[in-house]
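Peer 1: Here is my input, please return the structure:
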Amino acid sequence: MGRRNPWVQLGLQTATLGWEAAQVAALRMAKLTAGGAAADAELERMVSEKVEAVLDVQALAISGALGFTAPRVASRTLTHYRRKVRSNRRRLLRSK
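Peer 2: Okay, the predicted model is just below:
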């Protein structure tokens, strides 16, 4: 058997991230729709987390921690964002 194509696995990882991110977006919209202090806090948290996540990935890329091949960089970047998304999903499900 030949080597596996890494882009197939990356496609699956990307689809999974998209599904998980859609769930987080729906949970957040429900929280924001309810309004109040919790909605305000969630909105602030959402924006600051996005900025932090981008800066973290940039730092990893600059340091070489993401790797040096396109598939490796893509995979590690997806892993970074999936951790953040899963964490948010767990937190939002607990706060329902």
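Peer 1: Torsion angles phi and psi at V54?
Peer 2: phi -70, psi -40 (degrees, to the nearest 10).
Peer 1: So it versus V47, what's the distance?
Peer 2: Taking C-beta to C-beta, to the nearest Å as the measure, V54 falls 11 Å from V47. In this view, the C-beta of every residue, glycine as well, is placed from N, C-alpha and C.
Peer 1: Sticking with the residue nearest the centre of the chain, tell me its helix or strand.
Peer 2: Taking C-alpha atoms, centre = their mean, the centroid of the chain lies closest to Y81, which sits 3.0 Å from it. Element membership of Y81 [criterion: DSSP states H and E] is helix 70-94.
Peer 1: how about the nearest residue to Q23, chain neighbours excluded?
Peer 2: Once flanking residues are discounted, Q23 sits nearest to R89: 5.8 Å by C-beta to C-beta, 6 or more residues apart in numbering.
Peer 1: That should have said L78, apologies.
Peer 2: Q13 (4.7 Å).
Peer 1: which SS state does the one you found fall under?
Peer 2: At Q13 the chain is in helix, as set by DSSP: H, G, I helix; E, B strand; the rest coil.
Peer 1: now it: how far from E20?
Peer 2: In terms of C-beta to C-beta, Q13 sits 11 Å off from E20.
Peer 1: Now do the shared contacts for these two.
Peer 2: R82 (C-beta atoms under 8 Å, 6 or more residues apart in numbering).
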